[in-house]
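Requesting a structural model of the entry that follows:
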Amino acid sequence: MKDLLNTSWTLYRLSPLHHKEHAESLLTNQSALTTHATRLHDHLTGTIPSQTTDPETDSLSRTGALKSCLWTPLPQSPSTAQGILITLEYENITYKAALLAPESYNENENENENKNKTNIPLLLTRFPAPVRQSFLAFLSSTFDTYHAPLKLSTQFLSTSLEDYVNALEPGSLENVLREVQLTVSFAGAVAPALRSLNITVPRASIAGFVEAGSRRPGESILAGLSGFIEGHLAMDLDLAGLRRESAARKYVRVSRIACGGFVLGADGKMKLVGREDEGVSRACGVLLDAVVRRACVREGFV
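Got it, this is the predicted structure:
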């Protein structure tokens, strides 16, 4: 889990990885991981030019040569999913990616069906653009897998904030969250001159919204904040995305939530902030597992 913390990730959904030469799941086959690490190293050193006028690739050239490429298992724990950590060590910097399977997924449940393929629906990347593009091409050609950016809905962001807060230790809320910053985006047809609105819930007010939400069945922090804004500013934002009859559901969406514990964006960006605290570790695990399950939805894994 600690390898995934304090890093800004870009999220992708993956279809199953097919590996005809290995019947065993990639999650438990260190020999296969070593083989693919060597192949990825060769692929990256052969596909990314060392000299170019492109700004992004020119920036990459300053990282130095690729020294090592490692694929290591991420063991399942009570608070997080299982998967594979990919580490690219350059002379001047280290980049990471991770492939994650849901905590509840069991490769042995349908052994014949899962033979020669591994369902790892979530990909996290922390690569510059040239490396990311080459890495995705490697996955597609090697495992016959398809990738797509993982977009997150307003309702998912709202639920994620709620689940994270509920997993924290009592009394640690304000120290962990500090303040909550929301970015609200608007459809161009409704607000052509207003693309987004930033809302900050200060540290001193967070506990009040959490307490108010806990007193009402089905209520959430963002639903309570929506009611506060509507009552004081006459703006119907429906930040939680729960009211199907609300016009705001079609034209207003929460595109980013940032606080002292995590950052989560509708565009598929995520950062989990790690601390030496059992409650924070549990909350990070809850949020990460929710993102993994979200990646599974359209693939039919869960």
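
Count the neighbours of the spatially closest residue to Phe138 that is not a sequence neighbour for me.
Leaving aside its sequence neighbours, Phe138 sits nearest to His43 (CB to CB, 6 or more residues apart in numbering; 4.8 Å). C-beta: built from backbone N, CA, C; applies to glycine. For His43, the count of nearby residues is 18 (other CB atoms under 10 Å).

Wasn't His43 part of a strand?
No - using DSSP: H, G, I helix; E, B strand; the rest coil, the assignment for His43 is helix, not a strand.

The stretch 101-250 of the chain: strands as residue ranges?
For the stretch 101-250 of the chain, strands defined by DSSP state E, counting those that start in this stretch occupy the ranges 117-118, 122-126, 147-149, 180-186, 196-201.

Put the alpha carbons of the second one into PDB.
Spelled out, that is strand 122-126. Provided in PDB are the C-alpha atoms of strand 122-126 (Å, rounded to 0.1, in the frame of the first residue of the first chain):
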ATOM      1  CA  LEU A 122      -7.200  -0.700 -12.900                       C
ATOM      2  CA  LEU A 123      -4.000   0.800 -14.100                       C
ATOM      3  CA  LEU A 124      -2.300   3.700 -12.300                       C
ATOM      4  CA  THR A 125       0.500   5.500 -14.100                       C
ATOM      5  CA  ARG A 126       3.000   8.100 -13.100                       C
END
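
That strand: partners in the sheet, and parallel or antiparallel?
Paired with strand 122-126 in the same sheet, following DSSP bridges, are strand 9-14 (antiparallel), strand 94-101 (antiparallel).

And the helices in the stretch 51-200 of the chain?
For the stretch 51-200 of the chain, the helices defined by DSSP state H, counting those that start in this stretch occupy 55-61, 111-114, 129-143, 154-167, 173-177.

Could you figure out how far the longest one is turned away from strand 122-126?
Using axes from the mean of the first three to the mean of the last three CA atoms, to 10 degrees, the inter-axis angle of helix 129-143 relative to strand 122-126 is 150 degrees.

quick one: buried residues of helix 129-143?
If you call a residue buried by 16 or more other CB atoms under 10 Å, then helix 129-143 has these buried ones: Pro130, Val131, Arg132, Ser134, Phe135, Leu136, Phe138, Leu139, Phe143.

With the fourth one instead?
With burial defined by 16+ other CB under 10 Å, the residues of helix 154-167 counted as buried are Thr154, Gln155, Phe156, Leu157, Ser158, Thr159, Ser160, Leu161, Glu162, Tyr164, Val165, Ala167.
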